[in-house]
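In: Build me a structure from this.
(chains A and B)
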Amino acid sequence: MSGKIRTRFAPSPTGYMHIGNLRTALYAYLLTKHDGGDFILRIEDTDQERYVDGAVDVIYKTMKDTGLIHDEGPDVGGDYGPYIQSERRGLYKEYAEKLVELGGAYYCFCDKERLDKLKEAQTAKGITPKYDGYCKGLSKEEIQEKIDAGIPYVIRQKIDPHGKTTFHDEIFGDITVDNAILDENVLLKSDGLPTYNFANVIDDHLMNITHVIRGNEYLSSTPKYNLIYESFGWDIPKYIHVSPVMKDSGKKLSKRDGDASYEDFINKGYLKEAIVNYVALLGWSPGGEQEIFTMDELIEHFSVSGISKSPAIFDEKKLSWMNGEYIRKMSEEDFAKEAMPYIKEAVKRTDIDMNAICALLHARIEKFTDIADQLTFIDELPEYDNELYTHKKMKTNPENSLESLKAILPVLEGVEDWTMENIHSALFALIEKMEVKNGIILWPLRVAVSGLPFTPGGGVDLAAILGKDETIARVKKGIEQLS
RNA sequence: GGCCCGUUGGUCAAGUGGUUAAGACACCGCCCUUUCACGGCGAUAACAGGGGUUCGACUCCCCUACGGGUCACCA
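Out: I've put the predicted structure just below:
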């Protein structure tokens, strides 16, 4: 065995990529790439009832999108294929039979009815439901007879109820459980496909996986998996169980609320880099004070020791902030490229300098979907109340604003070449001449031109963007409204 | 309910027996400013509770509370 780390991401194709799943994939990727190892994608589709059309493509797309590039997988091949469990069907059966021979499993012919009754009876007695070993004592002949008779069967794990099993988890440490509480779960279903309980062991071993990174929900069944490894005499991989991502204390991120999947956040306007960056830090700490990381930096800093044990609550506010950081870091060109479609969607007028709007927006949005709300005043001046002209700090009110606007109007009309610089100097000349504070002139202009309490940019910016005619029309409207 | 796991400010979190218990987001205040935003500065805010162990506990042990996970022919 080479010392190379091999990790795998093994989602079942449900049609969307849960954010917690994405994080698990990311951690597996970071761990293995930190060490120059291989990252494997395996599709766990052994539940035919859950099959969703196109779901595998969602997985491929998301991983490609986020930069989690797998070295082996159904789409890229590799030496350990096939990488789709339904295509490995025969293999599981073979190993299940071998496990029976080794004494680690047995045939079971119990039907659903008996199982349900058993469970019911146990529950009624207040004991934890568990298979009672009814078929464990069947002789070889009896088994063969039933199989020949076509009675459906499963293969169950055989567990000696005596003793304890201890396993080691890289983040939780040693965990010991009583074998008596371990249920003898179905390994091979009557349809011939394995359950997760079996498939993960077989595949992880066959694919030479060295580190198993998965959700915390597998923590309590891990001892059972180890028993299987032991029956086969196989090496047990290192386990890394990560705690879930929560919406708030007590609630997991849910599909229902539309904030559980990677796609949901993309649709809300978040950048993929920001999502990856944020999710990386949700439940893992690099130790230092850096918070913005490229994928390469994440790879460089990643360590299992920084993964926390307790569940982490997803804070969209922080994601939003981080997204803003990414946006502000973009070059003007890149920003324009991304923002322009949104701007064009929000602004229908064609006589507007889109680039100027773009520049104004760059430091003012946290996600591109914020753009529309910022530009509502451009196409049409909204109705507004004259009280908007009152601003305590600017020392303005409707009365002096009227005077200001009256003074502003001829000045603006006199600006020949309508550029921001020219408007600016013309207005500041007026300010100087009138011997007033900037705000006395500029605040009323901003209100008249936008009709809003907050805008992306001040009066001069907005005037320049709106154009001479429109600006003057709006100033006149202001004068009229104030008179 | 049984079993397993966890618990540092509202949130993400650093911290591994001796610290003024970091930092970030959010919130609040101030500055900058042509509003807002950006940026800068600052403030408020935490070791779940109780017992031990120890010269000394956020750090180790026990109990309680709370939270999470699991108890399928789902993964």
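In: Count the residues that sit near A:Glu366.
Out: 20 (other Cβ atoms under 10 Å). Placement of C-beta: from N, CA and C, glycine included.
In: Tell me how far it lies from A:Leu271.
Out: According to Cβ to Cβ, to the nearest Å, A:Glu366 stands 10 Å off from A:Leu271.
In: what's the overlap in contacts for those two?
Out: A:323, A:327 (Cβ atoms under 8 Å, 6 or more residues apart in numbering).
In: now what about stretch A:238-249, what contacts it?
Out: Residues from elsewhere that reach stretch A:238-249, judged by Cβ under 8 Å, 6+ apart: A:19-20, A:23-24, A:27, A:31, A:167-172, A:210-219, A:222, A:252-254, A:257, A:259, A:279, A:282-283, A:304, A:307-314.
In: Next step: those restricted to strands.
Out: When DSSP state E is applied, the contacts of stretch A:238-249 are split such that A:167-169, A:211-215, A:252, A:312-313 fall in strands.
In: For those residues, pick the one with the most neighbours.
Out: A:Ile213 (29 neighbours).
In: Hmm, A:Glu413 is touching A:Ile472, no?
Out: Yes: assessed by Cβ atoms under 8 Å, A:Glu413 is found in contact with A:Ile472 at 6.3 Å.
In: who's more crowded, these two?
Out: Neighbour comparison, A:Glu413 and A:Ile472: the larger count goes to A:Ile472, with 18 against 13 (by other Cβ under 10 Å).
In: For that one, give me its contacts.
Out: A:409, A:412-413.
In: so it, which of the three states?
Out: helix (DSSP: H, G, I helix; E, B strand; the rest coil).
In: Okay, strands next: where are they in chain A?
Out: A:6-9, A:38-41, A:105-108, A:154-157, A:164-169, A:173-178, A:186-188, A:211-215, A:238-242, A:245-248, A:251-252, A:312-313.
In: For A:Gly137, find the nearest of those strands.
Out: strand A:105-108 (8.9 Å; Cβ to Cβ).
In: Quick check: can you name the pairing partners of the closest one and their directions?
Out: The strands beside strand A:105-108 in its sheet (DSSP bridges) come out as strand A:154-157 (antiparallel).
In: ok, back up a step: and RNA strand B, which of the ones in strands among the contacts of stretch A:238-249 reach it?
Out: A:252, A:312-313 (Cβ under 7 Å from any atom of the strand).
In: May I see those arranged in a markdown table, with pLDDT as well?
Out: Listed next are these as a markdown table, based on pLDDT from 0 to 100:
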| residue | pLDDT |
| --- | --- |
| A:Lys252 | 72 |
| A:Ala312 | 94 |
| A:Ile313 | 94 |
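In: Touching, A:Ala339 and A:Asp370? I think so.
Out: No: in terms of Cβ under 8 Å, A:Ala339 does not count as a neighbour of A:Asp370; the distance is 10.1 Å.
In: mind checking how far the closest residue to A:Gly20 other than its chain neighbours is from A:Ile147?
Out: Using Cβ to Cβ, 6 or more residues apart in numbering and skipping the chain neighbours, the partner closest in space to A:Gly20 is A:Val245 (4.2 Å). As judged by Cβ to Cβ, A:Val245 and A:Ile147 stand 45 Å apart.
In: Compare the two and say which is more crowded by neighbours.
Out: Between A:Val245 and A:Ile147, counting by other Cβ under 10 Å, A:Val245 is the more crowded of the two (23 against 13).
In: who does the more buried one bridge with?
Out: Beta-bridge partners, per DSSP bridges, of A:Val245: A:Ala312.
In: What does the pLDDT read for it?
Out: Note for A:Val245: predicted pLDDT of 93.
In: go on, A:Gly233?
Out: We have a pLDDT of 97 for A:Gly233.
In: For A:Ile19, give its distance to A:Val52.
Out: Taking Cβ to Cβ, one finds A:Ile19 at 18 Å from A:Val52.
In: thought A:Pro161 was touching A:Asn179?
Out: Yes: when contacts are counted by Cβ under 8 Å, A:Pro161 is listed as touching A:Asn179 (5.4 Å).
In: Between these two, point out the one with more neighbours.
Out: Neighbours were counted for A:Pro161 and for A:Asn179 using other Cβ under 10 Å; A:Asn179 has more, 15 against 12.
In: Show me the shaky parts of chain A.
Out: A:1-2, A:249-251, A:254-259 (pLDDT under 70).
In: For RNA strand B, give me its nearest residue in it.
Out: Closest contact between chain A and RNA strand B, by Cβ to the nearest atom of the strand, is at A:Gly458 (1.6 Å).
In: Correct me if wrong: that residue contacts A:Arg446.
Out: Yes: counting by Cβ under 8 Å, A:Gly458 touches A:Arg446, with 5.7 Å between them.
In: So which of those two has more stuff around it?
Out: Neighbours per residue (other Cβ under 10 Å) separate A:Gly458 from A:Arg446, with A:Arg446 holding more: 26 against 18.
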